[in-house]
Every structure is written in structure tokens, then in C-alpha cells.
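S.K.: Give me a model of this one.
(chains A and B)
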Amino acid sequence: MKRKKQEFQFSVASSPQIRSPRSTARIMVYVILALLPAALWGVYQFGWYAAAVLAVSVAAAAAGEGAICLIRKKNTLSDGSAVLTGLLVGMNMPPSVPLYIPAIASLAAVIVFKGAFGGLGCNIINPALGGRLIAFFSWSSAMFTFQTPRTILESGLTVAGATGDAMTSATPLTFLKSSVPEYAGSISNEMEVLSLKHYSLSKYDAAVTDKINSLFGENFCYGYFDAFFGIKGGCIGEISVFLLLLGGLFLIAKKIIHWEIPVAFIGSFAAAVWVFGGLRAGTGFFSGDVVYQIFSGGLFLGAFFMATDMVTSPFRRGSMFLFGIGCGLLTFLIRYYGSFPEGVSLAIVFMNLTVPMLDRLFIPRRYGVKKKRRVGVGKGGNA
Amino acid sequence: MKQRLKTFGRGGVHPDDKKRLAADRPIRNSYFGQRAVIPMGQHLGAPAECLVRPGDTVAEGELIGRANGLISAHVYCPFPGVVEKVGPLTLPNGSSSQAVYLRIEGTFESVEDGRINDRWVGLSREELTGQIREAGLVGLGGAAFPVHVKIAVPKGKKAEYLIINGAECEPYLCADYRVMLEYTDEVLEGIDILAQITEADKVIIAVEANKPEAAGKLRGAVAHSKRPYAVEMLKVRYPQGDEKQLIRALTGREVPSGALPIDAGCVVCNVATAKSVFDAVVLKRPLTERIVTVSGGAVADPANLKTRIGVPVRDLLTECRTDFSKVKKIVVGGPMMGFALADWDTPVTKSTGGVLALTAGEVCDKPQTACLHCGSCVSVCPMGLPPAMMYKLIQAGEYEKAAAAGLPDCKECGCCAYACPAGIYLVQAFKKGKRMGRKK
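M.R.: All right, here's what the predicted structure looks like:
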């Protein structure tokens, strides 16, 4: 249509004429903000080298996205998703990893797991987890070397799980998985093994646990405090359950993630641990140490920040529950019966693959239509 | 005890209603300039047939467009004047028709405000419907469906409910609110006429809860006159005022897919339409004027103006002291379903409930990115449709599959596109998809 000559020009667009302020870039910025405290905690515990790992991950992801922008002649860098992917890759790296590993993992995440599928919105599995898995299977020993956190070193305790020098140690999960069977039958709780084998814990943990035990006349094992507040070996971003929980609650309050996925994920995992988790320690059914298991490993990082990735998670409430439950049960199986001590990332990637199927189970009923109808009926109707 | 407010089943969005800008401005007459443009196609259906030619002198209230077919409406001249030209005009909603370009001159016959026809009670259904058709009435809520068609109850069907829509769920708009406050008695008498025509068992006047004064005024007047009408407060939630959502909220029924409200035993009319029914039957006045909310962030002096059809929106905006340098979009209608226009000389039509001058901050344009699969569009769709999937099908040219997924049920309320974080033009795609689907 030819525009009339008039003093002012107005923009013309299809209705609605107003939009909500929620945008893709804003969502990404909020998620990055929610992740930052936990990332900074990791840097504090593991030192500047951890910051370099994060920086290399983010830079490599941005560079990969930039390359894809050039190929596709479309600016997708400004939506912020590549930076988020890079940050997540970095947070999933052990703090002392050689820098080429996060760089390759980030490039793989952005180029192979996202770009090759058609970019943001088209990827099937969470790109950051894809990158992590590449690193996980390619450089297993580097990916399983965990630095001892600063607070424990400063406490000056012996490091029972130390491998070689005192600067690295096994994570509590690895430690328990290998040590618990030795004591099966002679302990009432897996956690006792940490003390029996003199697994190093911070002085704060001992002080707080003793205080609580004397106040309430309980007999809690050592280790919970460190596990919750992130004084333990692990990936840079996964250690502080406390800060990840705060970030996750912030995202739920901002309606950026749905509470259903983390609740179903952590809940079903906790239930499985409670029922079956005590078997390997010889304490029978219904005796698993739920609290310690959910505070360990990457469960909170995975449940609040990776499993909730919009692109690779379902969007209907019912399917979100199924998705979360699947993640939780698989995590339990891998942690207890798999060959790896940690199963969160594999569980999420597996469940990512089921999302299109799960979403089809919960198609909303259309207004004015009695029967539930399959959407996209007809041959190849799945859009 | 606080009563739980009625609302529709699911979906919907809560944009800032911005009614505070103009809600407290009483209705006043607008100025008008020297020219007016009166399109023949201001309603849904066939455009009226133009009865005048360039050079003709027309009087105020003269019939200048004759209804063309069943679903059509007469057009009356709002001003005395001389026809300068008759030519095609495309309205912002894309409908194209002949329009009469008028130079306003001559004398305004003083319009008698006295009641001319007090004895409508004795009239038959057909006679009353005829008077409404003669006056060129269309629904003033936005869709501009001819009223005589809307209120005709087909044989074998029964109007159990007559629902009077005062929800006015679009942000910014306050015209219906002011009508309910200032023309309470006229609205109620209009409803009496509609109730007599439709022979409805039950009459419900629905008002969204952000207009308690209007509901209170109506309740008072209904109680005082001992009319058997119910005034219901509804939850503030867009698109509460949509016919189908309103029916669901008030009766719990759903209009079957592809059917009309009467198939669920309902007739729905807007409050302003009820007032125009009063004007047509009791005052014998054709539809040549309406109440328009002029509002928006760029408007210094928002108002509810009683203005006449054909006045360019620029005149209204200028009268309300609009800073055009701040304007990003000029919208006729509400911001959710209204149309942005490029030409500020576009005239007010029968369906113009609002003229909004929105700033960039209010429009909140965002860069379009890829679909994130976030599911916002599905959860806000009041019709239970899968907007993202229909969008992808339309983009792929699969119009039949889009239709099978429910595209024809989409009423373009805009919830999905409003909520979409990726800024995807969903409604635009649906309009295209429907058009292409019809072509096949």
C-alpha cells in the first residue's frame, strides 16, 4: 500500500497492538542472573582458574553462535541463548579441567546440538548437556578429577578421598558409591561412612552439626551442612545447592520456569532413594538417605536449570510431571546401579528425547468440541 | 461475604487495563471539521449500496447507503453537506468499499430529544426488528455484525439467555463504561426492547469487576424499576468480553465449534448496542453517532467523545491534545484486537470503540526470535487451540492441517501473540491461514 504523505508516520502491524514485556532475551537474562550466584560461589571455592573455565565456555559458545549467524545470515547471538548455554557448560565442568575441554564442549553444544538441528527452538536435547556429555565420554579422567574446595583446605583436615595430592579429592557421591559396599550391614546410614573413612569436611559442618545435635538431642551424621551450602568437590556450578535453590525459586516467581518439573524431578528421585537407597548399605527398604542424595551432585542444577529448558521440556502440566518423574527415576537408577556416580545429565538427555511424545498425551480440549481430538490428524500430522 | 467472580474456563491474559486514563472523563460532544468520509462497508457482511453522487446535497440523517442483502446495514449521513466525491476506501481492518466524501455545510436540524415512540411495547417482534434494521444498527462492540440478524432467533431455536455485554475487557477503552453510567435508563429500556424481540427467559447484564460503579448503578436502576434482570460481575481477564467466553462464564455452556451463540441458547449484545436500540426504536434516530474513547500514552487529554461517523481520527486525536511526535501506533478499536493505521484521516465508523495513540513504551515491540516451545500460547488460548503448531503448519503451507488443528475456531483475540516471548506474529499468520484456507 502506498503511504500517504503526512507529517508523521505510524507503524502498522497486525493485532495485538501491544505485547507483554516478556521476551526471549529477557528470559535468557533472568536465567543467567539466577545462575550467577552459584557460579560465583564455585569461583570462590575453586579459585580464578574456575573463572577462566567459565569464561572460556561462554566465549566459545558465543563464537560458535557467531559462526552460525554468519552461515545462516541471521543474527541469533542477541537472543542471549548462546551465552546461557556457554555458562551452563562451564558450570558443568570440574574446576581444574584443561581449558580446551570446555571450549570444545561449548562449540559442540552450540554448533552440533543446537545449530545443526536448526538453531534455537529446534534442538531436541539440551545443548549444554550435549556438550557436557561429549566431554564426559571423551575425557573421562579429566572430567572426574575434582578439586578440593577452598574452605576445606583452609580447615586443614586430612583428605581421605584424596587422589595423589591433597588438592584433588573424590566427590562425596563417588566416595560413597565406592566405599559404602565395604561397610554394608555394619552401618545404619550411608553417611556414617564419611566419618568412618575420614572424608574431609569443613570445620563449619562439624560445628553446626554438633550444635544441632546438642540442641535437639539428635544424632545427625556429619556432611549435610557442607553438602547443602556447597563446601564439597564437584563441578563449578553444581556445588551450592542453597544458591541454586534461591535462583530456581527466583525463576519460578518470575514465571520463567514451571515448578512442576523440578518438584517432580527431585520428588520422584527422593522417593526412589527413600525406598531403595538403603539396600546397598544393607539397611533394607525405606531407609535411604534422601537428604544427602538430593543435596549431592548436579541434581539441583539439573532440576531447576537444565530439565526446565523450554525448548527441550514439555509445556503441558501433565507431561511436565511425567517428564520430571522420568528424570528422577533415571537419575536414581544411574546413581545407584549405573557405572557412573552421577546420573542427572544422562537422565535429562534421555527424557528430552521423549518430549514430543509426552506433549501429545496432554493436548488441551478445544472450546466447543466435546471429544478430545488428536491435533494434526492425517498422514504425518505431527508438526 | 465476597462472592467468587465468574469467569471463563481457561486461558486468557492480564494486560494492564489502562482504564484509569479515561475512565473518569464524562462523555462530551466532539468537535468536527469541514470534511467527513462515510464508508459504505462499516459492518460485517456486504457493503451498503451507495445512493448519492458527487454534487448531491444531503441532509443530516438522510439515507445514503442501502443495505445490500440480508447481512448488511443501512448507512445514514451524519452531517448535512455536499458530496464531493464517491470513491473506494480501504479501512484499517482491510475491508474495502465505496465511501462518500462529504463537505460539511448547511444547517443542522435541531434533533428532537423527545420520545417519539413510547408505545413500542405493543409492537410485534417483526415490527421492532424492522425498526432496528431501518436504523442501520450494527453491534457496537467491535465486530459490527448487523443487529437485526444477530437478534433474529431462527425457527426451532430458543433464546434462553439474553446476555448484555458490558465486560469491555479491552485495555484503555471506557466508552461502554461511560454509557452504562450516563445512559443507564436508555440502556435498560434498550434491553427491554431486545428482551421482547428475543423472548429470552433470562436477561443477564455482565460487567467486569474493574467497573464496580457501573455495576452498582445498573443494579440500583434494575432494582428500582423491578426489572427481572441479573447484573453479574465478572473477573477481570481478557478476553472476558468475547461472546464465547462470556457465554461460558455466565451459563457454563460452550458454543459448539462452528456454530452461533443461539445454538447454545444465547443472544449476546453489547451495552452500547442496547442504547442504540433505544435510540432507534424510541427516539427514531438512525445510527450516525457513537461514543469513542480517545486515549493512550501520547494523548495529553484523554476523553470519551460522542462523535459522528465519518470524522477523521486525526481530528479526535488533535482535540484531545495528542503529541504526534511520541506516537508509535495509532489504533482504532482496542489494543488487543484493534487495527493500527497508517493514514490518520481514516474516519470513525460504526465499529470504532476507541482511538488510541500509543507510545513505543506501550506498544512494547520485541525482536522476533525462534519459537522456544515455551507453551505460553497454548496455556493462554481461551479456545484450547495449539497456536504454535498452527503457526508452523501455516508457515509450511499446510492450510488444511492447520484447519484440522482448529484454525477456524480462532477468533484472533491476540492472547497468544501478546504472551509470546519470541514476538512471533501469530495472529497475522492465522489471518493469512484462514484466507488461504478459504481460497482452496
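S.K.: Quick test: name the residue nearest the centre of chain A.
M.R.: Residue closest to the mean C-alpha point of chain A, counted by Cα atoms, centre = their mean, is residue A:302 at 2.0 Å.
S.K.: what sits against that one?
M.R.: With contacts taken as Cβ atoms under 8 Å, 6 or more residues apart in numbering or on different chains, residue A:302 has the following neighbours: A:265, A:327, A:331, A:344-345, A:347-348. Bear in mind the C-beta positions are built from the backbone N, C-alpha and C, glycine included.
S.K.: Let me have the residues you listed in JSON lines, adding neighbour count as columns.
M.R.: Putting these into JSON lines (neighbours: other Cβ atoms under 10 Å in any protein chain shown) gives the following:
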{"residue": "A:265", "neighbour count": "34"}
{"residue": "A:327", "neighbour count": "32"}
{"residue": "A:331", "neighbour count": "33"}
{"residue": "A:344", "neighbour count": "27"}
{"residue": "A:345", "neighbour count": "26"}
{"residue": "A:347", "neighbour count": "27"}
{"residue": "A:348", "neighbour count": "28"}
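S.K.: for those residues, which one is nearest chain B?
M.R.: Proximity of the contacts of residue A:302 to chain B was ranked by Cβ to the nearest Cβ; the top entry is residue A:348 with 15.5 Å.
S.K.: contacting residues around the closest residue to residue B:334 other than its chain neighbours?
M.R.: Sequence neighbours aside, residue B:170 is the residue nearest to residue B:334 in space, at 2.7 Å (criterion: Cβ to Cβ, 6 or more residues apart in numbering or on different chains). Contact analysis of residue B:170 by Cβ under 8 Å, 6+ apart lists B:142, B:238, B:241, B:333-338, B:353-354.
S.K.: Need the three-state assignment for residue B:28.
M.R.: Reducing the assignment at residue B:28 to three states with DSSP: H, G, I helix; E, B strand; the rest coil gives strand.
S.K.: my guess is it contacts residue B:302, does it?
M.R.: No - under the criterion of Cβ atoms under 8 Å, residue B:28 lies out of contact with residue B:302, with a separation of 11.9 Å.
S.K.: between those two, which one's more packed in?
M.R.: Relative neighbour count places residue B:302 above the other of residue B:28 and residue B:302, with 25 against 12, counting by other Cβ atoms under 10 Å in any protein chain shown.
S.K.: Pull up the gap between that one and residue B:294, please.
M.R.: Using Cβ to Cβ, to the nearest Å, residue B:302 is found at 6 Å from residue B:294.
S.K.: quick one: what helix or strand has the residue in chain A positioned nearest to chain B in it?
M.R.: Scanning chain A for proximity to chain B using Cβ to the nearest Cβ identifies residue A:315 as nearest, at 2.3 Å. Take DSSP states H and E as the rule and residue A:315 turns out to sit in neither a helix nor a strand.
S.K.: and it, what does it touch?
M.R.: For residue A:315, the set of contacting residues under the criterion of Cβ under 8 Å, 6+ apart consists of A:359, B:373-375, B:378-379.
S.K.: In helices only, show me these.
M.R.: Using DSSP state H, the members of the contacts of residue A:315 that fall within helices are A:359, B:378-379.
S.K.: Closest one to residue B:228 out of those residues, please.
M.R.: The shortest distance between residue B:228 and any of the ones in helices among the contacts of residue A:315, using Cβ to Cβ, involves residue B:379 and amounts to 38.7 Å.
S.K.: now that closest one, nearest residue through space, not along the chain?
M.R.: Once flanking residues are discounted, residue B:379 sits nearest to residue B:11: 6.8 Å by Cβ to Cβ, 6+ apart.
S.K.: export stretch A:126-145 as CSV, just CAs?
M.R.: Extracted in CSV, the C-alpha atoms of stretch A:126-145 (Å, rounded to 0.1, in the frame of the first residue of the first chain):
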residue,chain,number,x,y,z
ASN,A,126,19.5,-29.6,25.9
PRO,A,127,22.6,-28.2,24.1
ALA,A,128,24.6,-27.6,27.3
LEU,A,129,24.1,-31.2,28.3
GLY,A,130,25.0,-32.5,24.9
GLY,A,131,28.3,-30.6,25.2
ARG,A,132,28.8,-31.9,28.7
LEU,A,133,28.3,-35.5,27.5
ILE,A,134,30.8,-35.1,24.7
ALA,A,135,33.4,-34.0,27.3
PHE,A,136,32.2,-36.7,29.7
PHE,A,137,32.8,-39.6,27.4
SER,A,138,35.8,-38.1,25.6
TRP,A,139,37.9,-37.1,28.6
SER,A,140,36.6,-39.2,31.4
SER,A,141,39.6,-38.9,33.7
ALA,A,142,39.8,-35.1,33.4
MET,A,143,36.0,-34.9,33.9
PHE,A,144,36.3,-37.0,37.1
THR,A,145,39.1,-35.0,38.7
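S.K.: and whichever strand or helix holds residue B:438, is it in reach of chain A?
M.R.: Element membership for residue B:438, per DSSP H and E: helix B:426-439. Yes - with Cβ under 8 Å from any Cβ of the partner chain as the criterion, chain A is reached by helix B:426-439 at B:427-428, B:431.
S.K.: Get me the contact residues on the stretch 51-200 of chain B for chain A.
M.R.: Where the stretch 51-200 of chain B comes near chain A, counting by Cβ under 8 Å from any Cβ, the residues are B:90, B:171.
S.K.: And the pLDDT at the residue of the stretch 51-200 of chain B found nearest chain A?
M.R.: Per Cβ to the nearest Cβ, residue B:171 is where the stretch 51-200 of chain B lies closest to chain A, at 7.2 Å. Looking at residue B:171, its pLDDT stands at 96.
S.K.: which residues touch residue B:386?
M.R.: Applying Cβ under 8 Å, 6+ apart, the residues contacting residue B:386 are A:363-364, A:375, B:377-378, B:405-406.
S.K.: helix, strand or coil for residue 249?
M.R.: Looking at chain A here, since you left the chain open. Local secondary structure at residue A:249 is given as helix here, using three-state DSSP.
S.K.: how many other residues sit next to it?
M.R.: Neighbour number of residue A:249 under other Cβ under 10 Å is 15.
S.K.: Can you tell me how far it is from residue A:263?
M.R.: On the measure of Cβ to Cβ, residue A:249 and residue A:263 end up 12 Å apart.
S.K.: Residue A:241 too?
M.R.: Distance check for residue A:241 against residue A:263: by Cβ to Cβ, it reads 15 Å.
S.K.: higher neighbour count, these two?
M.R.: For residue A:241 versus residue A:263, the count of surrounding residues by other Cβ under 10 Å is larger for residue A:241: 21 against 16.
S.K.: Test my guess that the more buried one contacts residue A:224.
M.R.: No - in this structure, residue A:241 is not within contact of residue A:224 by Cβ under 8 Å, at 10.4 Å.
S.K.: Mind listing the shared neighbours of these two?
M.R.: Overlap between the contact sets of residue A:241 and residue A:224, as judged by Cβ under 8 Å, 6+ apart, is given by residue A:295.
S.K.: Specify the residue ranges that define each domain of the chain.
M.R.: Unless you meant another one, I'm taking chain A. The record, using automatic domain parsing to delimit domains, assigns chain A the ranges A:24-143, A:158-361.
S.K.: please go with chain B instead
M.R.: Each structural domain of chain B that the record assigns through automatic domain parsing is listed here as a residue range: B:27-111+B:286-362, B:114-281, B:376-439.
S.K.: Output those as a markdown table; include the columns distance to residue A:306.
M.R.: Supplementary listing: the domains of chain B in a markdown table, determined by distance: least, Cβ to Cβ, whole Å:
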| stretch | distance to residue A:306 |
| --- | --- |
| domain B:27-111+B:286-362 | 35 |
| domain B:114-281 | 34 |
| domain B:376-439 | 19 |
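S.K.: Out of those, flag the one nearest residue A:207.
M.R.: When the domains of chain B are compared for distance to residue A:207 using Cβ to Cβ, the nearest one is domain B:376-439, at 45.9 Å.
S.K.: Any idea how far the closest one is from the middle of the chain?
M.R.: Between the mean C-alpha location of domain B:376-439 and the chain-wide mean there is a distance of 22 Å, by Cα atoms, centre = their mean, to the nearest Å.
S.K.: Quick one: mean pLDDT over it.
M.R.: Summarised as a single mean, pLDDT over domain B:376-439 is 94.
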